[in-house]
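Enquirer: Requesting a structural model of the entry that follows:
(chains A and B)
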Amino acid sequence: MIEAKNLSSGYGRDVIEIDEMCIKKGEITAIIGCNGSGKTTLLKTLSGVLRHRGKLLADDRNISLLPKKERARLISYLPQSLKGVDMDTETLVAHGRYPYMGLYGGLRESDIECIKRAMAITDVNNIANKKVSAISGGERQRAYIAMSIAQDAGYMLFDEPCTYMDISHQLKFIEIIRKLKAQGKGIVITSHDLPFSFTVSDKIYIMKEGRLTGRGKPDDSGDLEELSKATKKAMGVNIIRNVINSSLDSDCKLIYDYSIVH
Amino acid sequence: MKKFHNNNDNFLFSHKDLLLMTGSILILLVALCASIFIGNDSVRAGELINALFGGGKGTSAELILYKVRIPRALAALFCGGGLAVAGLLLQLTLNNTLASPGVLGINAGAGFFVLLAGLVFPYSVAAKQLSAFLGALLTALFVYGISYKAGVSKTTLILSGVAVSSLFAAGSNTIITIFPSAVTDKNAFSLGGLSGATGIAVAVTCLMIIAGTIFSLILSRGIGLFSLGDEVAAGLGLNINLYRLLAIICAAFISAAAVSVCGLISFVGLLVPNLVRMITKPRTLANIFLCFFAGGILLLICDTLARQLFYPYELPVGLFLSFLGAPFFIYILIVKRRRLSL
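Expert: Here you go, the predicted model:
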């Protein structure tokens, strides 16, 4: 479990101030909010990439005291902006094994297995030998996600993972993170896409101006009503659960379980 | 060697890398022999070979071989190789294809400090080497500091280098004009040449470059992550500030060693890493080896040509490199402009 209490961080001055937050393994957590609300800063802080003040523990270990490689074996972080690097996809994915490698020596059998699994789960085998700089934005995103999976951390943090994805790639991404969740990984995503976030997540945190203004489970048995109110307050829109209209053709399937209403 | 998925490599060297390295070593040996045994002195190659295997003690052949040819060839090999490795380190850690010790002003900074040391301690090799290292390191950190302050874009880094380079070049020229005795061969120093490469200075330079290259090999795995961007690299557990600083220090150390013997040789650090990265996979360890070999080959061949082509005149090797390097620089600017965001 990643546990944060009275957490603050930023770039020179504090940008976010978090009273309490908890990320569990086997759960998908979404952090939503408008642009500039502090989602990225929070994710960087939780991953240990950004320095912080306050309590931040991962599996009862103080993140700021962990050696960087050890921290990367515990928590992976994939930023929003990903470079179209001049290397093939397979090599990129192999970089995910860096936290497990020493100063010298090649990939071990276990590393290669991990890389193969990550490439299979993200379905990037067909672009394994293509340069990352030459593939589409959605494929690039998947290649980096494969690298992140190869990192084999217990907690996986993705910043706006669907930015460059069309709807079919988004659905593929949902499939991937649900598989990871089933493997017991703790997944955190940031997004300003509300229907997507509410559909995929087990827990939602709503951010506004660097603070958490709402939290809960996005289902009817949980705190949907409170979450909807908090969303309205933070982002100016309501979110409702879709009701399948019986007059629709039976083949029709809504892509997301939730919709935005003004 | 374990097979890495579809490709036959183990994330350190691909088969192509191993082939290229074997080929480079063979060419390097040929270039080294050519540099040692081809010359316009009165002695013939046969006499030099005889002297190499212990014959002709006390002859002029032995004197030329051990006092002139071998030190000069070793200086060309190690300075060329070292500058190429330094260029590669800077290009990877600063994520900038145009970075090199020459372009960033590191060579100019080292050169200026060598001249200063030459004024104060004219006969001390150690003072010159130490001074060159200090100059190179200060310049590298200064240039990085300026571009960091102005916002680390690829263009600001290069422009900062150009400005600092001009400043130190002006300083060096002032010293040479006022104190001509500060340097043995003004042209060889300013344009880059190996005519002054003799004795203990070459030995110290070679050792420094070997040490710097070994250190860069130790850093290579982490350095390879810089191409993914700072945030991704940090997420993978790389201490980016530490690795960047160590790589800059390493590049400065190698450049300083080279400049103190061969003067302000430009373009090796720009030309060779780009060529190597164009034809190989991004395997940093393999790239360091290949850069070293290719840099050594380039400087050995250019130096041999510089000695031979216009005999009895000897051109500074830097001139040859400029003839090769300048068009290549223009090629990068035109062909890779979009990728470099220039």
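Enquirer: Make sure residue A:54 is indeed in a strand.
Expert: Yes - assessed with DSSP: H, G, I helix; E, B strand; the rest coil, residue A:54 lies in a strand.
Enquirer: what's the burial count for it?
Expert: As a burial measure, residue A:54 scores 15 neighbours (other Cβ atoms under 10 Å in any protein chain shown). Just so you know, the C-beta spots here come from the backbone N, C-alpha and C atoms, and that holds for glycine as well.
Enquirer: Quick check: it touching residue A:7?
Expert: Yes - with contact defined as Cβ atoms under 8 Å, residue A:54 counts as touching residue A:7 (4.0 Å).
Enquirer: Give the residues shared as contacts by those two.
Expert: Contact criterion Cβ atoms under 8 Å, 6 or more residues apart in numbering or on different chains; residues shared by residue A:54 and residue A:7: residue A:18.
Enquirer: roughly how far apart are residue A:181 and residue B:270?
Expert: Plainly put, residue A:181 is 49 Å away from residue B:270 if you go by Cβ to Cβ, to the nearest Å.
Enquirer: swap that for residue A:185, sorry
Expert: Taken as Cβ to Cβ, the span from residue A:185 to residue B:270 is 44 Å.
Enquirer: Look at these two and report which has more neighbours.
Expert: Remark: of residue A:185 and residue B:270, residue B:270 carries more neighbours, 27 against 20, as counted by other Cβ under 10 Å.
Enquirer: Which helix or strand contains the more buried one?
Expert: Using DSSP states H and E, residue B:270 sits in helix B:268-279.
Enquirer: Now do that helix: which elements does it pack against?
Expert: With contacts taken as 3 or more Cβ pairs under 8 Å, 6 or more residues apart in numbering or on different chains; DSSP states H and E, helix B:268-279 sits against helix B:70-93, helix B:284-308, helix B:317-335.
Enquirer: By mean pLDDT, show me the worst of those helices.
Expert: Least confidently modelled of the helices and strands packed on helix B:268-279 is helix B:317-335, at a mean of 81 by mean pLDDT.
Enquirer: got a list of what the nearest residue in space to residue B:77 that is not next to it in sequence touches?
Expert: Closest residue in space to residue B:77, ignoring its immediate chain neighbours: residue B:296 at 4.1 Å, by Cβ to Cβ, 6 or more residues apart in numbering or on different chains. Shown in contact with residue B:296 (Cβ under 8 Å, 6+ apart): B:28, B:31, B:76, B:77, B:78, B:80, B:81, B:84.
Enquirer: residue contacts, the fifth one?
Expert: Residue B:78 is in contact with B:205, B:206, B:209, B:210, B:258, B:296, counting by Cβ under 8 Å, 6+ apart.
Enquirer: nearest to chain A, of those?
Expert: Of all those, chain A sits closest to residue B:210, with 17.5 Å by Cβ to the nearest Cβ.
Enquirer: pLDDT (mean, whole number) over the host helix or strand of that closest one?
Expert: Per DSSP H and E, residue B:210 falls inside helix B:199-223. The predicted model gives helix B:199-223 an average pLDDT of 92.
Enquirer: buried sites along it?
Expert: Residues B:201-202, B:204-206, B:208-210, B:212-213, B:215-217, B:219-223 are the ones in helix B:199-223 that count as buried (16 or more other Cβ atoms under 10 Å in any protein chain shown).
Enquirer: what's the answer for stretch B:132-144, then?
Expert: Buried residues in stretch B:132-144, counted by 16+ other Cβ under 10 Å: B:132-144.
Enquirer: And stretch A:188-208, by the same measure?
Expert: Within stretch A:188-208, the residues that qualify as buried are A:188-191, A:193-208, counting by 16+ other Cβ under 10 Å.
Enquirer: That one: how far from the chain's middle?
Expert: 10 Å (Cα atoms, centre = their mean, to the nearest Å).
Enquirer: and that stretch, how far apart are its ends?
Expert: The straight-line separation of the ends of stretch A:188-208 (Cα to Cα, to the nearest Å) is 18 Å.
Enquirer: wait, does it make contact with chain B?
Expert: No - using Cβ under 8 Å from any Cβ of the partner chain, stretch A:188-208 stays clear of chain B, coming no nearer than 12.8 Å.
Enquirer: now the angle between helix B:284-308 and the helix holding residue B:270, please.
Expert: Here the directions of helix B:268-279 and helix B:284-308 differ by 130 degrees (axes from the mean of the first three to the mean of the last three Cα atoms, to 10 degrees).
Enquirer: what's the distance between helix B:268-279 and the middle of its chain?
Expert: From the chain centre to the centre of helix B:268-279 is a distance of 12 Å (Cα atoms, centre = their mean).
Enquirer: In contact with whatever residue of the stretch 51-200 of chain A ends up closest to chain B, which residues?
Expert: Per Cβ to the nearest Cβ, residue A:72 is where the stretch 51-200 of chain A lies closest to chain B, at 2.9 Å. Counting by Cβ under 8 Å, 6+ apart, residue A:72 makes contact with A:98, A:99, A:151, A:153, B:235, B:236, B:237.
Enquirer: Now the nearest residue to it once chain neighbours are set aside. Its backbone dihedrals?
Expert: Setting aside the residues directly before and after it, residue A:72 is nearest to residue B:237 in space (Cβ to Cβ, 6+ apart), at 2.9 Å. Here is the backbone geometry of residue B:237 (degrees, to the nearest 10): phi 100, psi 20.
Enquirer: my guess is residue B:237 contacts residue A:99, does it?
Expert: Yes - judged on Cβ under 8 Å, residue B:237 makes contact with residue A:99 at a distance of 4.2 Å.
Enquirer: shared neighbours of those two, which are they?
Expert: When Cβ under 8 Å, 6+ apart defines a contact, the residues bordering residue B:237 and residue A:99 alike are A:69, A:70, A:72, A:73.
Enquirer: Would you mind giving the residues you listed as JSON lines with secondary structure, distance to residue A:147 and pLDDT added?
Expert: Formatted as JSON lines, the shared contacts of residue B:237 and residue A:99 follow (DSSP: H, G, I helix; E, B strand; the rest coil; distance: Cβ to Cβ, whole Å; pLDDT from 0 to 100):
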{"residue": "A:69", "secondary structure": "helix", "distance to residue A:147": "16", "pLDDT": "94"}
{"residue": "A:70", "secondary structure": "helix", "distance to residue A:147": "19", "pLDDT": "94"}
{"residue": "A:72", "secondary structure": "helix", "distance to residue A:147": "12", "pLDDT": "95"}
{"residue": "A:73", "secondary structure": "helix", "distance to residue A:147": "14", "pLDDT": "95"}
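Enquirer: out of those residues, which are buried?
Expert: Buried residues within the shared contacts of residue B:237 and residue A:99, counting neighbours by 16+ other Cβ under 10 Å: A:69, A:72, A:73.
Enquirer: How about the residues of the stretch 201-342 of chain B by chain A?
Expert: Close to chain A, as judged by Cβ under 8 Å from any Cβ, the stretch 201-342 of chain B has residues B:218, B:221-222, B:224-225, B:227-229, B:231-232, B:234-239, B:277, B:281-282, B:339.
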